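> 3D model of this:
(chains A, B, C, D and E)
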Amino acid sequence: MGIQEQYRSEAAALLSSGEVKLVIGFGEGSTADRRRPLFARTPEEAQKFVLDAACIANLSTYLVTEGLLSDGKKVAVFLKPDGIRSVNILISEAQLKPDQVVILGYAIDKAEITALEGRNISDFSLGEEIRSHTPPPHILQEAERIEEMNPAERFEFWKAHFSKCIKCYACRQVCPMCYCRRCIVDVNQPQWVSTSSHTLGNFEWNIVRAFHLAGRCAACGACDRACPVNIPLRLVNYRMGKEVIDAFDYCAGENSSQKPVLASFKQDDPETFIL
Amino acid sequence: MSEPFEPKIVAFVCTYCTYAGADLAGTSRLKYAPNVRIVRLPCTGRISPMFILKALQKGADTVLVSGCHPGDCHFTAGNYHARRRWTVFRALLAFTGIPEERIRFSWVSAAEGAKFAEMINEITEQTRKLGPFTQYQELQKVIETQSTY
Amino acid sequence: MAKIGVFVCHCGENIASMVDTGTLVKAMSDHPGVAICNEYKYFCSDPGQETVKRAIREHNLTGVVVAACSPRMHETTFRKACAEAGLNPYMLELANIREQCSWVHSEKNQATSKAIEITRSLVEKVKRNNELKPISVPVTRRALVIGGGIAGIQAALDIAGAGREVVLVEREPSIGGHMSQLSETFPTLDCSQCILTPRMVEAIQHPKITVMTYSEVEEVEGYIGNFTAKIRKKARYVDMSKCTGCGDCIQKCPVKKIPSEFECGLGKRTAIYTPFAQAVPNVPVIDKSRCTYFKNGKCKICEKSCQIDAIDFEQQESVETFEFGAIVVATGFQIQDTSVYGEYGYGKYKDVITGLHFERLASASGPTAGKIQRPSDGKEPETVVFIQCAGSRDPSKGVKYCSKICCMYTAKHAMLYTHKHHGSNSKIFYMDIRAAGKGYDEFTRRAIEEDGADYLRGRVSKVFEENGKLIVRGVDTLLGKPVEVAADMVVLATAMTPQPDAKQFAKRIGIGYDEYGFYNEAHLKLRPVETAKAGIYLCGACQSPKDIPDSVAQASAAAAKVLGLFSREQLEREPVVAAVGETTCAGCWGCVYACPYNAIEKKDITDRNGNLIKQVASVNPGLCQGCGTCVTFCRSNSIDLAGFTEKQIFAEVMAL
Amino acid sequence: MTRILLRNKLDDCIAAWQKAGFSVFAPVRQHEMSSFGEVQKASDMAFDLVLPERTIKDHFFPQTEPLIKYKIGKQQIDSETMTPPDRKRVFFGVRPCDASGLAIDDPLFGWDYKDDYWFRRRDNSVIVTIVCTEADDFCMCTSVKLSPESDKGADVMLRPLANGAGWQVEAVSERGTALLETIPSLLQENSEPTAPVPQVAEKFDLEKVMEWLASKENFESQFWKDISLRCVGCGSCTFLCPTCHCFDIQDEGDTYAGIRRKNWDSCSFSLFTMHTSGHNPRNTQSTRWRQRIMHKFNYYRGKFGVNSCSGCGRCTRQCPVDMGITETLQAISNLPR
Amino acid sequence: MIYSPFPMRVVSKRAEAPGVNTLKLEFVKEEDHEFFKQNYKTGMFGLYGIFGEGESTFCVASPETRKDYIECTFRQSGRVTSTLANVDAGDIVTFRGPYGNRFPIEQFEGKNLLFIAGGIALPPTRSVIWSCLDQREKYKDVTIVYGARTVADLVYKDELDEWKKRDDVRLVLTVDPGGETPDWQDHVGFVPTVLEQAAPSPENTIAVLCGPPIMIKFTLVALQKLGFTAENVYTTLENRMKCGVGKCGRCNVGSVYICKEGPVFTAAEVQAMPQADL
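The predicted structure is shown next:
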């Protein structure tokens, strides 16, 4: 039995036994190479689940949908390691209760897809894997290319990209970490971040979002994929993740009991740049 | 003829250490460059990255952020939290093309009037060398003109 | 719209000579929202304040900016003035155009335009100020005094004398501190023990004072009026409630050769001991590290000797928690480790000693019963060389500051020595004689003129032994000649330094300290006994080197501050505290972790039927100290800090 | 016999238009994104696109538009109305669906109160469409009763020649005729065959959809909740839509001056209809998605006689969760009656 | 240009209730005033603004019979209203409008009028009330039923007194249970209940009903019970608006643009709208 069939029947069993009220997985998409999030509430619907190497979205986003978990019932969700990492972060930020999430874990290695052992978040110890996780080579190369630029070149690079931003907030909406009920860009007293999508306002928005994700990003790349104007958002999030690892030896989502990196400190944190 | 460049430096400081240090520079009648504008906050912990960003947009050529030395925070740990934020924010700005010299961080205690004065002179001088921070300022100018479409 | 009054102070010439106040007034008069802008020579004066008050009333002002000195100087003055004129005192901002403008710049145009920018950004801020009300918090009217030296004892007695409870904590087995080690005290030469012991006894017998010796303050939490302190009582192995202080156990203890700390190693003590004869409480402790029973499991002679079964080898250390309203820190000092002066031979030659050793030698209760004897051979020294500033005022090896007491005690030592040993010869190497204080100069003169102390102005370069004598080689700068003195004993006036753990302790209780570890007062001149942390006060040598009169005076001052605080049941606090916007709080608890005061709690939001809707953060305004760390953390901007709100600072930045 | 414009004449053509005072815009690829941008020569243009990622709407209803500049003074606030630049523009290589989008929005911006910002640009622009020769999986113009060769919203329509050497040229409006008069020498009489128009299958039965939407009882149907479950509430479908026209007005500035701006807004955003009282008529994603569909295929038609969709398919093409109008309307037309 | 507002001078500000203020505004420019005089009819609304903060939508609370000035009453809540609440006489604010449709008061001529309002919704009603009272002879009986949560929340207290004194107006005042003060003389109870007790005749009567959605809902039931038909009940809707001129796409309920086809509707028209979107 392939993993797809295995998970279909497992999802169906979870639903029919009443253990979970909902299974969030993937279904066929509008084209042959697309997969779309699929929500199954009945064992029959669970038969529509698809699980293959095209299932790259991070479905943990849906776990923070307002009101979804407020009834205390459980939800099962198909997650790759980056999704599991997101769940760890969400638990550590009190957005999820560990016992409300059943994880149907899987991993994709090129075209191969394998099932992950364990159903509860505590079954997954991702620490080492995440630490040694490197982004796809093209991202890494691009990030290095930017690091090698001088500030003016870097600015031009981002100016070109951010000038395209239309503030559709797709990056925010697909991001599991963007669960705020009111985003800072929607705060108008005072209006720290302008809603206008001129380049300066776009810099503001993208910098603020990157800062808010620093030390919290699960590196799932959802923002990057969602961006309709192809801004390489992943690069800046990758850079932030690298910074917190290098500076504070902190890797977001290693486990679910971390303290937020920017709400904690060590007395001997590096401060070479401070006069 | 354009006017000679006078750097604009915006400083966000905590009231217990650096602000007091700046006061001490005053009571000691130390002289320093008049290019700095101080925004007083209770603690470095209150200094949000948004302040720095807005100051840069509003025409600051350099932003200075300063507070109590580690261990000396009036609020015990505000500066430790601030330090982490600065580390991250600084890296972020650098990655998006803002030269690191444009944002300066320091610890200045209430007793370090002289350090404050020297530092302002040094930052002013350095900013003079760097020239105006045109990158955001030019984007700001674009906003103020009519629609480009 | 806002009606802001701007008042530009000349501060005499202090501001007006560098800032063109006329230009400033004109600029501010043209600023949107400014209803009136005046200038005056001294706004802090009565007529100046009257002007402000009148303007508030006449123009119905909604906010006031006084462009003058630092808010650290006169914020309170003008807040009061606003309140008297019926304007909420928090609708005031001070634009600092003196300390941070006129005094530090030398070019008038630039200073003026800077003053304009400073003032207008604060006008924009004040437009967005909110009316605030001071927060009332209850005051626990019990004080914690940390340190049982003369300063701590005095503070405790003063507070208790006014009828308030005090817990006096001392980490040594007895209170008394350094003063109990001294022989006679300058400038009156009365016996230190004689004047101290009655105070020690008074303290321990006082119904309002709980003396906790052999105890340390482990942790302090809370805020002014509401501190909680954990105090660790070390195991004494002697039941204090039973012990009569008969001393039988000490007599019988077989371990007798332990160098006594109290005697600076010049005398010996037993494993079960009281540090000195007049110890208060007069209850011995067992030095666990030296006790044969604790080392080998056998002995217990003391237990057998005790007729009332006061020895308790099973005693455990315990931690007690108390609530306090105020804390007086009087943790004292230590003397500097003189071994840094290798050239003086301290540690190498037994007869090179410190001033404190000398005190013990001179003390009637000391190891030599008051006879000045050489530690090496017990002989009475013929010639004693005193080296002043052996540590103080020496930035290269010692400390930069003056330890303040050395000139006096050296003179005293010379005197005592002469009194006890006629025909003796004291030679004192000094840099200056600093004898400012009542009767002090007379005292040093007496040493020179009546008791023949020989003062040599100059530094000592080397002390070495030759033929059983200590050769002190130095220079007499007045004569401009090198000198060599063959001495029998050399006494170093070592520097007074903070306690070895002073910095760690300061961090534990949340007060500031200087580069050495002396504790910082809130203001050197105007608030010398307060720390920056409200409700914690300082006295004695933990703040800076002090002699006994100064320590006692400061102790009484700290006590007065404590009593002032305790005069009310409620305390009004600055309303600069954070508050959470519950509708937008996402409940990520970052603020909870970030808060240095544990002032943020989780709060349940329920619907009308009591069902939990969500949890949000909630700030306890009593605990919040207003640092704003939580505000900066909050991603959804759901927390704000009164007095420094996001709106205010945004406006301030946008006006720059 | 018809006139054709040869591809190798395009540089001359651009030059001629520029000489006549036009700025020329065409699909371009810049910074990893395709959109309409100003071009100087033919090689700047990206012809190989089925459709640029960004719509031509950007140039008529920009994402952020300054309306009024104000200065805050002590006694008064000076304000100055800002207007779009008065420049003549040719949009070359517009796809019929994008051009239709403009035509669809015209009545909205024109009814009763005329939106000068839109019409000043419309009146100064000439739209040169190129009939599609390719369609992708997402194209759905035929489903909304338009076609790859629709001339709606166009001033000049070009049909690619089968040999790829150029286009057959046809003016479909007065403005178009006038534009062609600036390049008479570049056009030649010819009767080359044109490339075939792609067959775009109809993906749903529009009549059935409209009927279902018009029926009141369906407004509260569970259908809306089910179909929109995965919608994450971003605005990418609306912002990339050639007909979506919702906006916000915001003041942006500092203490002394600022600009009142008109910025794109989206009915997908949860705060879009939030009252200050906290009441939100459309407080769930399903009601917002319903609004979007209803607005496009029921309300708009009720008001202006036309559906507010030109079938470009961008909403689906760009959706991060693979939603879009097509899927919803397909589902509606497949609902059992 | 379409989004350019008229500058207006604040003549006076009056505090009505906690957080509720009335501004009286006059036109700075005569041509703007002319435009207003020609176009304003009772029921229309405008966008009141302050440069630097933005614009906020509410009705014109002054009647079409008094066009020398504009009055508006609003509750302080958002960024704009908070700033508007802080203006003083002499300050300049802006007004864009008048927009929307109107109460067709000439169709009300010769009929009895019943005005029902709750809380902060008296302002739009007040515009119609005065428009009718200023030509009192054209209408028959006038009844006003007004309720608020507490006594303090009642707005236009002076005018309530004035109406109370008039013998050609029947004023029924009420506050919600618990909202009364010791010296409260009038009714205690919710508007629908008090309305039923007051029992105005539906005969030849037009009802104008304004209030929060929940009050409208229950009051409509009460009116039906009393025999009113939905066609004879007028109300006004206030949705979030940004443009006011049918462009920004925010205010529509179904195919109706509140800003253009509204804000005044008969209850029958409102009932035809998709209720869930209200």
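
> Stretch C:542-552: end-to-end distance?
Length of stretch C:542-552, first residue to last, Cα to Cα, to the nearest Å: 13 Å.

> What of stretch D:44-61?
First-to-last distance for stretch D:44-61 - Cα to Cα - comes to 24 Å.

> got the contact list for the residue of chain B found nearest chain A?
Residue nearest to chain A within chain B (Cβ to the nearest Cβ): B:Gly97, separated by 2.7 Å. In short, each C-beta sits where N, CA and C put it, glycine included. Contact analysis of B:Gly97 by Cβ atoms under 8 Å, 6 or more residues apart in numbering or on different chains lists A:151-159, B:135.

> C:Phe227 - how many residues pack around it?
Number of residues near C:Phe227 (other Cβ atoms under 10 Å in any protein chain shown) recorded here: 23.

> That one bridge partners, please.
C:Gly222, C:Phe324 (DSSP bridges).

> Report pLDDT for the residue of chain C found nearest chain E.
Nearest residue of chain C to chain E: C:Met1, at 5.2 Å (Cβ to the nearest Cβ). As predicted, C:Met1 sits at a pLDDT of 80.

> ok, now how distant is the nearest residue to it once chain neighbours are set aside from B:Ala82?
Excluding the flanking residues, the one nearest C:Met1 by Cβ to Cβ, 6 or more residues apart in numbering or on different chains is E:Asp91, at 5.2 Å. Taking Cβ to Cβ, to the nearest Å as the measure, E:Asp91 falls 40 Å from B:Ala82.

> who has more neighbours, those two?
Of the pair E:Asp91 and B:Ala82, B:Ala82 is the one with more neighbours under other Cβ under 10 Å, namely 30 against 19.

> Show me which residues of chain A are close to chain D?
Contact residues, chain A versus chain D (Cβ under 8 Å from any Cβ of the partner chain): A:29-31, A:34-39, A:57, A:61-62, A:160-161, A:163-164, A:166-170, A:172-174, A:182, A:186, A:191, A:194-198, A:201, A:222, A:225-226, A:228-230, A:232.

> where's the residue of chain B closest to chain A relative to A:Glu153, distance?
7 Å.

> what do you get for E:Arg126?
Taking Cβ to Cβ, one finds E:Arg126 at 64 Å from A:Glu153.

> Check whether the residue of chain B closest to chain A sits in a helix, strand or coil.
coil (DSSP: H, G, I helix; E, B strand; the rest coil).

> go on, A:Ile108?
Under three-state DSSP, A:Ile108 comes out as strand.

> Leaving aside the residues adjacent along the chain, what's closest to it?
Spatial nearest neighbour of A:Ile108, chain neighbours left out: A:Ala53 (5.1 Å); criterion: Cβ to Cβ, 6+ apart.

> what sits against C:Gln278?
C:Gln278 neighbours (Cβ under 8 Å, 6+ apart): C:176, C:180, C:193, C:197, C:200, C:365.

> give me that answer again for 7 Å
C:Gln278 sits next to C:193, C:197 when contact means Cβ atoms under 7 Å, 6 or more residues apart in numbering or on different chains.

> Contact partners for the closest residue to C:Cys595 other than its chain neighbours?
Excluding its sequence neighbours, the residue lying closest to C:Cys595 (Cβ to Cβ, 6+ apart) is C:Cys630, at 5.5 Å. With contact set as Cβ under 7 Å, 6+ apart, C:Cys630 has these partners: C:578, C:591, C:594-595, C:600, C:639.

> Assumed C:Cys630 was part of a helix.
Yes - under three-state DSSP, C:Cys630 sits within a helix.

> Do you know the pLDDT at the residue nearest to A:Ile108?
93.

> Also D:Thr83?
Among the per-residue scores, D:Thr83 holds a pLDDT of 88.

> what comes into contact with stretch C:579-595?
A:93-95, A:179-182, A:259-260, A:263-264, B:81, C:600, C:602, C:605, C:614-619, C:629-630, C:633-634, C:636, C:638-640, C:642.

> any idea of the mean pLDDT for it?
Average pLDDT, stretch C:579-595: 94.

> chain center to that stretch: distance?
Its chain's average C-alpha position is 35 Å from that of stretch C:579-595, according to Cα atoms, centre = their mean, to the nearest Å.

> can you pull the buried residues of it?
C:579-581, C:584-595 (16 or more other Cβ atoms under 10 Å in any protein chain shown).

> Tell me how far the residue nearest to A:Pro270 when sequence neighbours are not counted lies from A:Gly215.
In space, and not counting its chain neighbours, A:Pro270 is closest to A:Ala247: 5.4 Å by Cβ to Cβ, 6+ apart. For A:Ala247, the distance to A:Gly215 equals 10 Å [Cβ to Cβ].

> Can you pick out the residue with more neighbours from those two?
Using other Cβ under 10 Å, the more surrounded residue of A:Ala247 and A:Gly215 is A:Gly215, with 26 against 19.

> anything in whatever helix or strand E:Cys259 lives in near chain D?
Using DSSP states H and E, E:Cys259 falls within helix E:258-261. Yes - Helix E:258-261 is in contact with chain D by Cβ under 7 Å from any Cβ of the partner chain, via E:Lys260.

> What's the mean pLDDT across that helix?
If you average the pLDDT values across helix E:258-261, you get 90.

> Export that helix to PDB, keeping only CA atoms.
Extracted in PDB, the C-alpha atoms of helix E:258-261 (Å, rounded to 0.1, in the frame of the first residue of the first chain):
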ATOM      1  CA  ILE E 258     -25.700  52.300  -0.300                       C
ATOM      2  CA  CYS E 259     -23.800  55.500  -1.100                       C
ATOM      3  CA  LYS E 260     -25.700  56.200  -4.300                       C
ATOM      4  CA  GLU E 261     -29.100  54.400  -4.100                       C
END
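
> any idea which helix or strand comes after that helix?
strand E:264-266.

> Mind checking what helix or strand follows that following strand in sequence?
Following strand E:264-266 in sequence, per DSSP H and E, is helix E:267-272.

> Check which helices and strands that following helix sits against.
If contacts are counted by 3 or more Cβ pairs under 7 Å, 6 or more residues apart in numbering or on different chains; DSSP states H and E, helix E:267-272 sits against strand E:233-236.

> got a list of what whatever residue of the stretch 1-150 of chain E ends up closest to chain A touches?
Checking the stretch 1-150 of chain E residue by residue against chain A with Cβ to the nearest Cβ singles out E:Arg79 as nearest, at 5.1 Å. When contacts are counted by Cβ under 7 Å, 6+ apart, E:Arg79 touches A:188-189, E:53-54.

> show me the contacts for the residue nearest in space to the middle of chain B.
Residue closest to the mean C-alpha point of chain B, counted by Cα atoms, centre = their mean, is B:Leu64 at 1.6 Å. Applying Cβ under 7 Å, 6+ apart to B:Leu64 gives the contacts B:9, B:11, B:36, B:104, B:106, B:123.

> What residues of the helix or strand containing the last one count as buried?
Read it as B:Ile123. When elements are assigned from DSSP H and E, B:Ile123 belongs to helix B:113-130. Neighbour-count burial for helix B:113-130 flags B:113, B:115-117, B:119-121, B:123-124, B:127-128 (criterion: 16+ other Cβ under 10 Å).

> Give me the phi and psi for residue 101.
Just so you know, I chose chain A. The phi/psi pair for A:Val101 (degrees, to the nearest 10) reads phi -120, psi 120.

> Oops, wrong one, chain E.
phi -100, psi -160.
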